[in-house]
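Visitor: Okay, predicted coordinates and the sequence, questions at the end:
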2 protein chains.
Amino acid sequence: MLYLIGLGLSYKSDITVRGLEAIKRCDRVYLEHYTSILMAASKEELEEFYGKPVILADRELVESCSEEIIRNSDKENVAFLVVGDPFGATTHTDLVLRAKKQNTPVEIIHNASVMNAVGSCGLQLYNFGQTISMVFFTDNWRPDSWYDKILENRKIGLHTLVLLDIKVKEQSIENMARGRLIYEPPRYMSISECCEQLLEIEEKRNTQAYTADTPVVAISRLGSATQTFKSGTIEELATYDSGEPLHSLVILGRQCHELEIEYLLEFCDDRDRFKQDVLKDQQFFKPAPWVPPQEE
Amino acid sequence: MLYLIGLGLSYKSDITVRGLEAIKRCDRVYLEHYTSILMAASKEELEEFYGKPVILADRELVESCSEEIIRNSDKENVAFLVVGDPFGATTHTDLVLRAKKQNTPVEIIHNASVMNAVGSCGLQLYNFGQTISMVFFTDNWRPDSWYDKILENRKIGLHTLVLLDIKVKEQSIENMARGRLIYEPPRYMSISECCEQLLEIEEKRNTQAYTADTPVVAISRLGSATQTFKSGTIEELATYDSGEPLHSLVILGRQCHELEIEYLLEFCDDRDRFKQDVLKDQQFFKPAPWVPPQEE
């Protein structure tokens, strides 16, 4: 059996009872280690908690050597652990498809991920549109295709969840060119970096998918003991010190109820001003008022 | 402390280790019992698993008597258990706000919910738009405001998650009028009922937000031992016997990658025809091809 097991967001004890029982039955345990990190537990703590060794699986191992992970899983039990839920990233459906082709039974044990736990900022999950990923800009690579997705979401009033880049086990271009397996220290995008990139692209595109005054919510260390929410405008949060990773951001859409705004007011610096900012921003992309059809 | 604890999707052991530890510390344990059900565990099984009594909380108790739930939670530990994740339904942010107003500390323990576990059908969560709820039509109440939301999602290529109505502890109009506290047996919408209602409203509106040939995926008993996926057109699934509850449906959008289609092919009756249906449906709302700007 191949188990794909979600670890949840932060603590080692965020795994489900059923997930932990499955690990106890496993002969090999892999931990996916390149799309996210478990904030409050190290590999060693997990090994102690599970009572068995954990093999860190980087992108190379998962994408190029998935045969190694699946090996013998028709006769043995193998666990593939994923921070959050196993169905956040494409590569894991790929792993399931490969296992199925070898007639290996697969069991998924779900858990919370940022995709649903983001609801704890107070915004209704029902009103989120497509999710975007914000990557670190470099001198000559500043991709902005996400801008159109924010515009599409906001045109129909929906919130946009922005997932912030993390770089784990990346090589510098020089080391890659020289074939040296030396890795850069891990990097995690901060809220201010994300907001600066948002402002830069709005200035370049200039079609007001959002403005510097558009309200956003910063979500830091979601599900951990130091979880923090901060609401404000993009411009305000471009100078916000969001602290330790991981971070996500939500760009508000027009569909925001009184109760949701009330919840967000808990997290801003100036309640009156933030409320004004939300109301002002809700005028963007507002459909024309309904006019009753003329009688003939 | 007031704990809001997600129970996950199905088994009693779908609770997280941290959630279970919190319950063990609690003086009172409520189970929210009207927006969803835990498929594979009864109240009695939960009580045995937790080692303490569980109080069922219906809509009345949560919405009108939330003071009773929060009572003494500044001095005692109280758990409010929610199937899935605590941040699926508005009323629970309401409970948090009330607790905060009384300076009661609140801790959220997240879990999987249909909002993220739906990814196990193989479609990328990134490409979902707003979520809709499909309620049971009655003779004189056939609400269809969800139709516009599907149209909005599909215009920009996004999938739509449809949550199917459940009726737990509902009174008939006659019993309500006579003030008799007699409740109807619980009802859960089936996939075929949902698809029939979709077809009825498309026929009425006739603006092709979708067609009878639009591909959908039925998700039944998500996360349970009898979890089933079924892909086909809306018309096909209007006669599909989806079995025991709970069910959800995903209406496909245009943004569907080769790997996602491959995954869905596992769940259809006729692979070639389903693939044709997907390709045909992807032509809807397709943006005009990009034309390079004319040189002056």
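Guide: Looks like it came in fine.
Visitor: contacts, neighbours, all on C-alpha from now
Guide: Will do.
Visitor: and A:S66, what does it touch?
Guide: Neighbouring residues of A:S66 by C-alpha atoms under 8 Å, 6 or more residues apart in numbering or on different chains: A:L95.
Visitor: pLDDT at A:E295, what is it?
Guide: In the predicted model, A:E295 carries a pLDDT score of 69.
Visitor: and the helix or strand harbouring A:E44, is it in reach of chain B?
Guide: Take DSSP states H and E as the rule and A:E44 turns out to sit in helix A:43-50. No - Helix A:43-50 lies apart from chain B when judged by C-alpha under 8 Å from any C-alpha of the partner chain; the minimum separation is 11.3 Å.
Visitor: mind checking how far that helix is from the chain centre?
Guide: Between the mean C-alpha location of helix A:43-50 and the chain-wide mean there is a distance of 24 Å, by C-alpha atoms, centre = their mean, to the nearest Å.
Visitor: Could I get the buried residue list for it?
Guide: Neighbour counts using 16 or more other C-alpha atoms under 10 Å in any protein chain shown place A:46, A:50 of helix A:43-50 among the buried residues.
Visitor: got the contact list for it?
Guide: Outside helix A:43-50, the residues that touch it by C-alpha under 8 Å, 6+ apart are A:12, A:20, A:23-24, A:53-54.
Visitor: Which members of those residues are classed as buried?
Guide: With neighbours counted using 16+ other C-alpha under 10 Å, the contacts of helix A:43-50 contain these buried positions: A:12, A:20, A:23-24, A:54.
Visitor: Tell me how far A:T35 lies from A:L81.
Guide: For A:T35, the distance to A:L81 equals 12 Å [C-alpha to C-alpha, to the nearest Å].
Visitor: One more: A:A225?
Guide: When distances are taken as C-alpha to C-alpha, A:A225 and A:L81 turn out to be 22 Å apart.
Visitor: higher neighbour count, these two?
Guide: A direct count of neighbours by other C-alpha atoms under 10 Å in any protein chain shown for A:A225 and A:L81 places A:L81 higher, at 26 against 12.
Visitor: what are the bridge partners for that one, then?
Guide: Beta bridges link A:L81 to A:I5, A:L31 when assigned by DSSP bridges.
Visitor: Spell out the residue ranges of the strands in chain A.
Guide: Taking DSSP state E, the strands of chain A run over residues A:2-6, A:28-32, A:55-57, A:78-82, A:106-109, A:132-134, A:160-164, A:166-167, A:187-188, A:215-220, A:228-233, A:247-251.
Visitor: Residue numbers of the stretch 1-150 of chain A in contact with chain B?
Guide: Selection of the stretch 1-150 of chain A residues close to chain B by C-alpha under 8 Å from any C-alpha yields A:8, A:13-19, A:85, A:87-90, A:93-94, A:97, A:108-113, A:115-117, A:119-120, A:122, A:124-132.
Visitor: Find the nearest non-adjacent residue to the residue in chain A that chain B sits nearest to, please.
Guide: Closest approach between chain A and chain B, counting by C-alpha to the nearest C-alpha: A:T16, at 3.7 Å. Nearest residue to A:T16, sequence neighbours excluded (C-alpha to C-alpha, 6 or more residues apart in numbering or on different chains): B:T16, at 3.7 Å.
Visitor: Can you tell me the number of residues neighbouring the one you found?
Guide: In terms of burial, B:T16 registers 31 neighbours under the definition other C-alpha under 10 Å.
Visitor: need the contact list for it.
Guide: For B:T16, the residues meeting the contact criterion (C-alpha under 8 Å, 6+ apart) are A:13-17, B:7, B:111.
Visitor: ok, now with 6 Å
Guide: Contacts for B:T16 were tallied using C-alpha atoms under 6 Å, 6 or more residues apart in numbering or on different chains; they are A:14-17.
Visitor: And the pLDDT at it?
Guide: According to the per-residue confidence, B:T16 scores 98 in pLDDT.
Visitor: If we go by neighbour counts, what in the least confident helix or strand in chain A by mean pLDDT is buried?
Guide: Across the helices and strands of chain A, mean confidence by mean pLDDT, DSSP states H and E is lowest for helix A:59-64: a mean of 75. Within helix A:59-64, the residues that count as buried by 16+ other C-alpha under 10 Å are A:V62.
Visitor: one step back: and the strands of chain A as TSV, adding mean pLDDT?
Guide: Compiled in TSV, the strands of chain A are given as follows (pLDDT from 0 to 100):
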stretch	mean pLDDT
strand A:2-6	96
strand A:28-32	93
strand A:55-57	90
strand A:78-82	95
strand A:106-109	95
strand A:132-134	97
strand A:160-164	97
strand A:166-167	88
strand A:187-188	92
strand A:215-220	98
strand A:228-233	98
strand A:247-251	97
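Visitor: Out of those strands, which is closest to B:L31?
Guide: When these are compared by C-alpha to C-alpha, strand A:106-109 sits nearest B:L31, at 22.2 Å.
Visitor: Please list the residues outside the closest one that contact it.
Guide: If you take C-alpha under 6 Å, 6+ apart as the criterion, strand A:106-109 is touched by A:1-5.
Visitor: residue ranges with poor pLDDT in the stretch 51-200 of chain A?
Guide: Across the stretch 51-200 of chain A, residues meeting the criterion (pLDDT under 70) sit at A:89-91.
Visitor: Let me see the ranges of the helices in it.
Guide: Assigned helices in the stretch 51-200 of chain A, in chain order: A:59-64, A:66-70, A:90-101, A:114-117, A:146-155, A:173-177, A:191-205 (criterion: DSSP state H, counting those that start in this stretch).
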